[in-house]
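A.B. asks: sequence below, structure please.
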Amino acid sequence: MMTRLHLHLLSDSTGETLENIAKAALAQYDDVETVRHFWPMVRTEAHLERILQEIAQNPGLVVFTLVNPSTRRILESRCAALGLPAVAPLDPVNDALSAMLGQQAKARPGRQHVLDAAYFARVDAIQWTIAHDDGIAWEEWEEADIVLAGVSRSSKTPTSIYLANRGYKTANIPIVVESPPPAALYSLRNPLVVGLTTSADRLIQIRRNRLLSLNQMPDTAYVEEEAVLKEIAFARRLFADNGWPVIDVTRRSIEETAAAVVSLVNQRKAES
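C.D. replies: Take a look at the predicted model:
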């Protein structure tokens, strides 16, 4: 039986650390339908008050990384009044570090996201990736770390952006039966080319939803089963003929697909 859980994540910064902690913890449990309420940049009591109203309407587990003592006290006391657990996952680590180092942590929101070289590398990767989406500027693909190839709506763009946020310059190219990709794709030396594939049923559903969102009729060859199967088979033959690693995204989230791509990148580095 599926258990439904409202999970409220509150951060006084971007919330990236908190999201990673939550994902790692939730991966240990089966049959849980999680409704995530993500609240980044919580730095004022007025903002917190609005969030508390939402928490009261959708009670669940509250996990937070707030360093301001006043907002922390308000959150903890209100959650206690509602009978809800409020967990600060970084507290035990900070307490241990404080004891070992003999100093108190600097209570500055977002201190871990200082503007260091890695930050600017990520910004550069994001800008590069956006400028090379959907086959654009293929002449510059040799500058990429990764090139993702796959049929339309196989999660190439969101996966590329996610990888860019991890510092990887990522280009992507749609595989279209009637319009083969540029010849440059087959002679790349630096970037790792990865094929993304998926099941026909999932692809048809995603494409239908896309057409409906654009107020277009979902009865074209774009969603016709025989045509979709032909597309997928064409792409898989292309991947096999060129010896590119392939990831099936049918049952993978964007994060899981990106993690699989990064694993392939690391494997390639280890072998070189």
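
A.B. asks: going forward, measure contacts and count neighbours with C-alpha atoms only.
C.D. replies: Fine.

A.B. asks: what's the burial count for Q205?
C.D. replies: For Q205, the count of nearby residues is 11 (other Cα atoms under 10 Å).

A.B. asks: how far out from the middle of the chain is the helix or strand encompassing it?
C.D. replies: In this assignment (DSSP states H and E), Q205 forms part of helix 200-213. How far helix 200-213 lies from its chain's middle: 21 Å, per Cα atoms, centre = their mean, to the nearest Å.

A.B. asks: same thing with stretch 12-21?
C.D. replies: 13 Å.

A.B. asks: do the same with stretch 227-245
C.D. replies: Between the centre of stretch 227-245 and the centre of its host chain there is 25 Å, according to Cα atoms, centre = their mean.

A.B. asks: neighbouring contacts of it?
C.D. replies: For stretch 227-245, contacts defined as Cα atoms under 8 Å, 6 or more residues apart in numbering pick out 150-151, 175-177, 186, 193-195, 197-198, 200, 203-204, 221-222, 246.

A.B. asks: now the element after the helix holding Q205, going C-ward?
C.D. replies: Next along the chain after helix 200-213, taking DSSP H and E as the criterion, comes helix 225-242.

A.B. asks: list the buried ones in that next one?
C.D. replies: V228, L229, E231, I232, A235, R236, L238, F239 (16 or more other Cα atoms under 10 Å).

A.B. asks: relative to L163, which of the residues you listed is nearest.
C.D. replies: For the buried residues of helix 225-242, the residue nearest L163 by Cα to Cα is F239; the value is 20.7 Å.

A.B. asks: one step back: just send the buried residues of helix 225-242 back as a markdown table, with pLDDT and distance to S160 too.
C.D. replies: Shown next, in a markdown table, are those (pLDDT from 0 to 100; distance: Cα to Cα, whole Å):
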| residue | pLDDT | distance to S160 |
| --- | --- | --- |
| V228 | 95 | 23 |
| L229 | 96 | 24 |
| E231 | 95 | 21 |
| I232 | 97 | 20 |
| A235 | 97 | 18 |
| R236 | 97 | 20 |
| L238 | 97 | 20 |
| F239 | 97 | 18 |
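
A.B. asks: returning to what we had before: so the helix holding Q205 versus helix 225-242, what angle?
C.D. replies: Helix 200-213 runs at 120 degrees relative to helix 225-242, counting by axes from the mean of the first three to the mean of the last three Cα atoms, to 10 degrees.

A.B. asks: 739 is where my numbering starts, stick with that
C.D. replies: OK, 739 is where the count begins now, so the last one is helix 938-951.

A.B. asks: list the buried residues in helix 938-951.
C.D. replies: Neighbour-count burial for helix 938-951, counted by 16+ other Cα under 10 Å, picks out A938, L941, I942, R945, R946, L949.

A.B. asks: isn't the fourth one up against E963?
C.D. replies: Spelled out, it's R945. No - in this structure, R945 is not within contact of E963 by Cα atoms under 8 Å, at 11.3 Å.

A.B. asks: which other helices and strands contact the lowest-mean-pLDDT helix or strand in the chain?
C.D. replies: Taking mean pLDDT, DSSP states H and E as the measure, the chain has helix 829-839 as its least confident helix or strand, at a mean of 83. Applying 3 or more Cα pairs under 8 Å, 6 or more residues apart in numbering; DSSP states H and E, one finds that helix 829-839 contacts no other helix or strand.
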